[in-house]
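The sequence isn't on hand, but the structure is:
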């Protein structure tokens, strides 16, 4: 009888130790991690508050040079100007297979998104020259949906969209 009680006690002790060590949630660690997260959040908030004004002064983004102006360019004029910049960038470097205006302007709060579908044929080195020539125009461009296919003549056929932006009538 004493052996049965001893075996039951050992089994209960084993279950209790395993429960405490492996299955029971360690609440002290949880409270410590919550406190550490609160401290980090407070630090980040203080850093953001102190740097917000400094960053605006440092960046000073000039939308007049980065985007087409709504006062000077209508939608058609801005798209035509964008198309001319693309063709000038590719002139004597790449063969332009197709340039097509993608859609009418997508309206956001204070700017329009202008898209042009472009198909070029060029070598990889000329692609980098084209990209650098496009960057030289001082406008903000984004290239989306880029796809390249290798031809038989060791050239690439490139399909992509050039996205530019137009400010609506001076609103910011």
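That came through fine. Just so it is clear, the model here is predicted, and its values are computed rather than measured. Residues are numbered from 1 along each chain as shown.

For beta bridges, what are the partners of residue 99?
The partner list for residue 99 in beta bridges (DSSP bridges) reads residue 118.

Same question for residue 166, what's its three-state structure.
Secondary structure, DSSP: H, G, I helix; E, B strand; the rest coil: residue 166 is strand.

What average pLDDT does the helix or strand where residue 159 lies get?
Residue 159 is part of strand 156-167, with elements assigned from DSSP states H and E. Model confidence over strand 156-167 averages 87 on the pLDDT scale.

just stretch 62-76 next, same as before
Stretch 62-76 shows an average pLDDT of 77 in the prediction.

Wasn't residue 113 part of a strand?
Yes. When three-state DSSP is applied, residue 113 is found to be in a strand.

center of this protein, which residue is that?
The C-alpha lying nearest the average C-alpha coordinate of the chain belongs to residue 142 (C-alpha atoms, centre = their mean; 10.5 Å).

who touches it in this structure?
Residues near residue 142 by C-beta atoms under 8 Å, 6 or more residues apart in numbering: 162, 163, 164. Bear in mind the C-beta positions are built from the backbone N, C-alpha and C, glycine included.

Can you tell me how far the second one is from residue 124?
In this case it means residue 163. Taking C-beta to C-beta, to the nearest Å as the measure, residue 163 falls 22 Å from residue 124.

for residue 39, same thing?
In this structure, residue 39 and residue 124 are separated by 50 Å, where distance is defined by C-beta to C-beta.

If you count neighbours, what's buried in the top helix by length along the chain?
Counting residues, the longest helix found in the chain (DSSP state H) is helix 27-59. Buried residues in helix 27-59, counted by 16 or more other C-beta atoms under 10 Å: none are found.

So the protein: which segments form each domain?
According to automatic domain parsing, the chain comprises the domains 2-59, 63-167.

Of those, flag the one that's most buried.
Counting by mean count of other C-beta atoms under 10 Å, domain 63-167 has the highest mean neighbour count of these, with a mean of 15.

For the residue nearest to the centre of the chain, give the beta-bridge partners.
residue 163.

Distance-wise, check it relative to residue 45.
With the distance defined as C-beta to C-beta, residue 142 ends up 31 Å from residue 45.

try residue 30
Computed as C-beta to C-beta, the residue 30 to residue 45 distance reads 23 Å.

So for the longest helix of the chain, mean pLDDT?
On average, the pLDDT along helix 27-59 is 82.

Residue 149 should be in a strand, yeah?
Yes. With the criterion set as three-state DSSP, the secondary structure at residue 149 is a strand.
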